[in-house]
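*Asks:* attaching a predicted model along with its sequence, questions to come.
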Protein chains: 2
Amino acid sequence: MIDNTAMYKISYGLYMLTTTDGEKQNGCIVNTVSMLTDNPKRIVVFVNKSNYSAELLKKTGIFNVSVLDESAPFELFKQFGFVSGRDVDKFAEGSYKTSENGLYYLTEHANAYISAKVVDRLDYGTHTLFVAEVTEAEKLQDSKSVTYEYYQQNIKPKPQAKPAPSAVEKWVCKVCGYEHEGELPDDFICPWCKHPAEDFERVE
Amino acid sequence: MIDNTAMYKISYGLYMLTTTDGEKQNGCIVNTVSMLTDNPKRIVVFVNKSNYSAELLKKTGIFNVSVLDESAPFELFKQFGFVSGRDVDKFAEGSYKTSENGLYYLTEHANAYISAKVVDRLDYGTHTLFVAEVTEAEKLQDSKSVTYEYYQQNIKPKPQAKPAPSAVEKWVCKVCGYEHEGELPDDFICPWCKHPAEDFERVE
């Protein structure tokens, strides 16, 4: 038996991943960054293939990871987590600087950034696992890194308090907070964060 | 410039990894477990090759991950983190049950366990990256998963309050708390957790 709620007990941080197509830059939110080896310093990042970032990483192989801290507002997650950079310039607002590799990193709501260069790219169906060599890293401040659990409990908007039961079902995506009204089909995909129907909970 | 303190801002959980040589079981503490894909449900775990567990995983390919919670005492980390299972039966004490794959999982100080079967094994120098398919998963309780940051701040013993400066240098390993007296050679390796001299800080 595989109980999905057991999988939710794994701890993750949250990171802004910045990439480039050679000219325009793109950013997205990822939750899986971890150090693989200390010497040489290598990190691993998983990216959903439906993200534009996965395409750019495959093309240019360089990226920055900004480690988000607990001050990061929901708007940041919404803009970089649930909107595609294919159509929008996500860096129109916000505080960014450029690291040695020419890519942006976040200077607000982040406590460190890491620049890296892909050395291996492994295909696992819906996701690509990138192994990358760290080329630059800097701590920006002492603030606490945000965890996915902290995001769930303190950053993501809470569904409205329940009014009297209505005839219309209301469902909320547990990942991003998107609200859906009416019956939820089994093959429903969240239009914001692309998570499946099983990540929704009924609130009305 | 690569600033090591930037790397410390990455968030990790802490997990007990149980493996077997076919007869005897072994356990060790790891900090890198993450879900790679949801369908099929696959997780990734990195294991230091100097750990006996890496050897057993290579041999039998099955393991359990117990997700440790904030109640886990330092003794657990010491027993499973810093002592080799080559010589000692680490499961002589403690609360364990056996999952369908025949391996132990922790029932106390853990809030979930995941059983998995290795599908890919990738060699990265000091560490092996294992990609594994989840075969069983169960949530055990609602307690909060422990993060590496929580371990550092609340579980690892604090060095003694500083007495008057003495002629003898005293160094403490920032990872496990091991105390070393006297000069610390550059190539020093922590006898408990195998981290290098750069992870020590001088306290006297």
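*Replies:* Noted; the coordinates are in hand.
*Asks:* immediately after the longest strand seen in chain A, which helix or strand?
*Replies:* Scanning chain A for the longest strand, with DSSP state E as the assignment, gives strand A:110-124. With elements assigned by DSSP states H and E, the helix or strand that comes after strand A:110-124 is strand A:127-139.
*Asks:* and that next one, what does it pack onto?
*Replies:* Other helices and strands packing on strand A:127-139, by 3 or more CB pairs under 8 Å, 6 or more residues apart in numbering or on different chains; DSSP states H and E, are strand A:41-48, helix A:52-60, strand A:110-124, helix B:4-7, strand B:33-38. For glycine as for every other residue, the C-beta is placed from the backbone atoms N, C-alpha and C.
*Asks:* TSV please, covering these and showing distance to B:L57.
*Replies:* Formatted as TSV, these follow (distance: least, CB to CB, whole Å):
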stretch	distance to B:L57
strand A:41-48	17
helix A:52-60	28
strand A:110-124	18
helix B:4-7	25
strand B:33-38	13
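*Asks:* adding mean pLDDT, mean neighbour count and distance to B:V175, write these out as JSON lines.
*Replies:* Shown next, in JSON lines, are these (pLDDT from 0 to 100; neighbours: other CB atoms under 10 Å in any protein chain shown; distance: least, CB to CB, whole Å):
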{"stretch": "strand A:41-48", "mean pLDDT": "96", "mean neighbour count": "21", "distance to B:V175": "16"}
{"stretch": "helix A:52-60", "mean pLDDT": "93", "mean neighbour count": "19", "distance to B:V175": "31"}
{"stretch": "strand A:110-124", "mean pLDDT": "97", "mean neighbour count": "20", "distance to B:V175": "19"}
{"stretch": "helix B:4-7", "mean pLDDT": "93", "mean neighbour count": "16", "distance to B:V175": "13"}
{"stretch": "strand B:33-38", "mean pLDDT": "95", "mean neighbour count": "20", "distance to B:V175": "18"}
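*Asks:* just so I know, which of those lies nearest B:D123?
*Replies:* Each of these has some distance to B:D123 by CB to CB; the shortest is strand A:110-124, at 10.9 Å.
*Asks:* name every strand pairing with that closest one and say which way it goes.
*Replies:* Neighbouring strands of strand A:110-124 in its sheet, by DSSP bridges, are strand A:62-68 (antiparallel), strand A:127-139 (antiparallel).
*Asks:* tell me the angle the last one makes with strand B:33-38.
*Replies:* Between the direction of strand A:127-139 and that of strand B:33-38, the angle (axes from the mean of the first three to the mean of the last three CA atoms, to 10 degrees) works out to 140 degrees.
*Asks:* where's strand A:127-139 relative to the chain centroid, distance-wise?
*Replies:* Relative to the mean C-alpha coordinate of its chain, strand A:127-139 is positioned 15 Å out (CA atoms, centre = their mean, to the nearest Å).
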